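Q: Any chance you could fold what I've pasted below:
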Amino acid sequence: MDALAPLIASAIVAGTPLMLAGLGLLMNERSGVINLGSEGMMLMGAISAFATTLGTGSFFLGFVAGAVVAMLMSGFFAWLTIWLGANQVATGLALSLFGVGASAYVGLPYAGESLLPQSFALPLLKDIPIVGQAFFSHHPMVYGSLLLCAAITWFLGRTRSGLVLRAVGESPSSAHSLGYNVRVIRLAAVLFGGICCGLAGAFMSLVYTPLWVEGMVAGRGWIALALVAFATWRPVRVLMGAYLFGGITILTYHMQALGVPIASQLLSMLPYIATIVVLVLISRNAGWIRLNMPASLGKHFNPNS
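A: Residues are numbered from 1 along each chain as shown. Below is the predicted model:
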């Protein structure tokens, strides 16, 4: 039982950046836009946040910088795809490749630098045996991500604005005929997605591992994209999937520490193998996927559309 609490706590922390990015991408896709640039935005958010915090000493400003840089990247993506009509898939891939390269270049002076880890805990609740360490000793961004999930669930399911956003994703022509500005609504969704990816990257470099290493996001942007499909475009399922994948990641580390007789390279592959297996399983029922996928989003993958 003594080992269970830190294992749960580590899984929650590992799942937080996946949830933040996944929630942002879910809002993108609910509006009918798919942005494959999440990996690049997370990396640029990570290096921007780390450099800002190292220079100013303020973790808050670091998170702001990460969010702003990724938002600007998503805004450029929106301009190319929504206003100029560029292909969303190709533009998103280009954005991701740009972010990978640019973050490596910008991060050269910061290689080997690190930040002092922060410690947080909720008063009184932290002293509860096992539960306190597992659930009530986290960075505020962990609890912020939970509130964000609840807010998006309420927004999409209980508000008129959420209904409009879903309508834009399902039938943009119908939304336009009712007087809604489809471009502006999609722009807002894309910018929100960029902010979430930037915060996810900032969390990686400021909280999860408070240092800068080239490519430190390590494919989590792609996992977040897969997570949205795994969750069938529902926020609560994004939360559950993020913690599941985070738990698998932490489990591989513990297995290596315990000396499990499996090659460390194979253990490192487990989170990505799990992602592929889940996608294969949910893709077996194409009708179920089409039922849950925003209608206009499916056109990007339909060669006959």
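Q: pLDDT weak spots in the stretch 1-150 of the chain?
A: 1-2 (pLDDT under 70).
Q: Show me where it has its helices.
A: Here the stretch 1-150 of the chain has its helices, by DSSP state H, counting those that start in this stretch, at 4-30, 38-56, 59-78, 88-106, 131-135, 140-158.
Q: Identify all contacting residues around the helix or strand following the last one.
A: What that stands for is helix 140-158. Going down the chain from helix 140-158, the next helix or strand is helix 160-170, by DSSP states H and E. Helix 160-170 has contacts (C-beta atoms under 8 Å, 6 or more residues apart in numbering) with 27, 29-32, 154-156, 174-175, 178, 180, 182, 185-186, 189, 294-297. The way it works is simple: take the backbone N, C-alpha and C, and place the C-beta from them, glycine included.
Q: For residue 266, which of the helices of the stretch 1-150 of the chain is the nearest?
A: helix 4-30 (18.8 Å; C-beta to C-beta).
Q: And the closest one, what does it pack against?
A: helix 38-56, helix 131-135, helix 140-158, helix 160-170, helix 182-203, helix 220-230, helix 235-257 (3 or more C-beta pairs under 8 Å, 6 or more residues apart in numbering; DSSP states H and E).
Q: Setting aside sequence neighbours, what's the nearest residue to residue 246?
A: residue 15 (2.8 Å; C-beta to C-beta, 6 or more residues apart in numbering).
Q: Please work out which of the helices of the stretch 1-150 of the chain is packed deepest.
A: When you average the neighbours per residue for each of these (mean count of other C-beta atoms under 10 Å), helix 38-56 leads with a mean of 27.
Q: Packing partners of that one?
A: With contacts taken as 3+ C-beta pairs under 8 Å, 6+ apart, helix 38-56 sits against helix 4-30, helix 59-78, helix 88-106, helix 182-203, helix 220-230.
Q: Give me the angle between the second one and helix 38-56.
A: Helix 59-78 and helix 38-56 meet at an angle of 150 degrees, taking axes from the mean of the first three to the mean of the last three C-alpha atoms, to 10 degrees as the criterion.
Q: Residue 273 versus the nearest residue to residue 270 once chain neighbours are set aside, what's the distance?
A: Distance criterion C-beta to C-beta, 6+ apart; nearest residue to residue 270, sequence neighbours excluded, is residue 252 at 5.0 Å. Remark: distance between residue 252 and residue 273 (C-beta to C-beta, to the nearest Å) = 10 Å.
Q: who has more neighbours, those two?
A: residue 252 (19 against 11; other C-beta atoms under 10 Å).
Q: who are the neighbours in contact with the more buried one?
A: So residue 252 contacts 267, 268, 270, 271 (C-beta under 8 Å, 6+ apart).
Q: pLDDT of the helix or strand encompassing the first one, averaged?
A: Counting by DSSP H and E, the element that carries residue 267 is helix 264-283. Averaged across helix 264-283, the pLDDT comes to 75.
Q: Please state the offset of that helix from the chain centre?
A: 18 Å (C-alpha atoms, centre = their mean, to the nearest Å).
Q: Would you mark the buried spots in that helix?
A: By neighbour count with 16 or more other C-beta atoms under 10 Å, helix 264-283 contains the buried residues 267, 270, 271, 272, 274, 275, 278, 282.
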